[in-house]
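1. sequence and computational prediction follow.
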Amino acid sequence: MKPDLGGRIALLRKKRNMTQEQLAKALGVSTPAVSKWETNHSCPDISILCPMARALGTSVDTLLLFEEEPDRDEVEKKAKEIVEAGREEGCEKGEALLNAWLHQYPSSASVQYNAAGILVLFGMMFPEKKHEKKEAWLRQRRELLEKIRSGKDETYRGRALHDLAHLELQTGNLTEAERMLEETSQENVDMTMLRVQLYLAKGQREEALKSLQRRLFTVLAQAHNYLILMTGEKITPEPEKALEIGKVCCAFEELFGVSFGMGIGIFMELYSRLGKKDEALDALRDYADVVIREAPQPNPLLFFPGVSVQEGKMATTEEMRRMLLEGLRREKAFDGLRGDERYQEAVRKLEESL
């Protein structure tokens with residue numbers, strides 16, 4: 001049984017490791033007043049509900065509904081329990097537990113989203129069920145996703161939109177699917193596969209290809225950045241191991257044509273860490289050549305026509321070249337290299353590019 005309002009206040013206060021005195025101070029009331037609320041000898045004034053909800057880390061709706069948001073582990077455990085009950089005791093048992101769960105947490109986006117997923121599993125677990133039953137599950141799933149879509153939980157809203165767009169594509173409602181995809185443009189959800197399906201359904205093969213190419217380029221560029229970060233001394237303190245990761249990074253660049261070949265720059269630091277001065281200077285000279293050249297096109301087999309570089313565009317901005325030049329002139333890491341001709345050549349090329 002869920003706690004009454006007083007019990008709810010006490011429960012939330014204790015979860016935040018607050019004393020009655022601390023809650024009273026936060027609300028500008030006396031400690032005995034808080035004690036009376038928690039024992040249901042009196043009720044808080046309506047004007048204090050909003051600041052109380054903030055102090056307790058919840059919402060007024062949740063506070064008054066006495067509804068606790070389950071944590072992630074609890075949600076996962078309950079979802080598995082419902083699926084197992086359906087598998088072992090039958091469809092009706094699974095449905096009963098699912099609906100009771102939704103009744104217990106009527107405003108929880110995490111419960112609603114997991115329940116929508118369970119309804120998909122029901123359709124797979126009970127293929128013998130009549131069409132009417134499967135249609136009822138589909139309607140309930142759609143209703144749950146629409147609730148999340150219209151709610152305030154940004155964590156699940158994007159996921160719900162993704163699933164709703166997928167439903168519209170499955171039913172051939174391309175206009176509504178496209179509208180939902182546009183609605184998700186600001187959400188942190190990758191909709192590439194659904195966009196591709198939409199373009200193909202509309203007969204726009206080249207747009208589907210471009211959408212895939214643009215997303216692939218973005219993902220590969222991110223992966224390249226991660227590889228570079230892995231060579232850093234704080235992440236990989238063993239210089240020999242970092243050097244091998246650097247070689248993988250450069251091979252990655254060459255294969256996919258991302259980053260304009262600038263991964264060579266990491267070898268300046270890596271060879272310096274290994275005490276290999278000549279190799280570090282060679283890497284510096286090669287890096288200077290890369291940053292002042294015209295940017296090459298990404299691998300056309302993978303990225304044309306979706307991704308292209310403007311003709312004549314340099315591989316780096318003027319600001320980036322200026323920062324690199326200042327670093328060469330001022331950073332102590334280059335102190336042992338400044339007397340070498342290769343170092344001076346790199347500095348001269350950067351100066352001329354500016």
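-> Nice, I can see it. Treat the numbers as computed from the prediction; the structure is a model and nothing was measured.
2. okay, helices next: where are they in the stretch 201-350 of the chain?
-> 205-230, 239-256, 266-273, 277-291, 300-303, 318-330, 341-353 (DSSP state H, counting those that start in this stretch).
3. how about the longest one: buried residues?
-> Applying a neighbour-count criterion of 16 or more other CB atoms under 10 Å, one finds 207-213, 215-217, 220, 224, 227-228, 230 buried in helix 205-230. The way it works is simple: take the backbone N, C-alpha and C, and place the C-beta from them, glycine included.
4. and for the shortest one?
-> The neighbour-count check on helix 300-303 (16+ other CB under 10 Å) flags 302-303 as buried.
5. what does that helix contact?
-> Defining contact as CB atoms under 8 Å, 6 or more residues apart in numbering, one finds that helix 300-303 is touched by 213, 216-217, 256-257, 297.
6. just put the residues you listed in TSV and tack on distance to residue 31 and pLDDT.
-> Putting the contacts of helix 300-303 into TSV (distance: CB to CB, whole Å; pLDDT from 0 to 100) gives the following:
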residue	distance to residue 31	pLDDT
213	64	96
216	61	95
217	61	93
256	65	89
257	68	86
297	71	88
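7. count of neighbours near residue 129?
-> 14 (other CB atoms under 10 Å).
8. please state the backbone phi and psi of it?
-> Per-residue torsions, residue 129: phi -70, psi 150 (degrees, to the nearest 10).
9. who's in contact with the residue nearest to it when sequence neighbours are not counted?
-> In this structure, residue 129 finds its nearest non-sequential neighbour in residue 91, 6.6 Å apart by CB to CB, 6 or more residues apart in numbering. Contacts for residue 91 (CB under 8 Å, 6+ apart) come out as 122, 125-126, 129, 133.
10. low-confidence ranges, the stretch 151-300 of the chain, go.
-> 185-188 (pLDDT under 70).
11. change it to 50
-> Counting by pLDDT under 50, the stretch 151-300 of the chain contains no low-confidence segment.
12. rewinding a little: of the helices of the stretch 201-350 of the chain, which is nearest residue 182?
-> For those, the distance to residue 182 is smallest for helix 205-230, at 13.7 Å, taking CB to CB.
13. what helix or strand does the closest residue to residue 178 other than its chain neighbours sit in?
-> Of all residues not flanking residue 178 in the chain, residue 198 sits nearest, at 6.0 Å (CB to CB, 6+ apart). According to DSSP states H and E, residue 198 maps onto helix 192-201.
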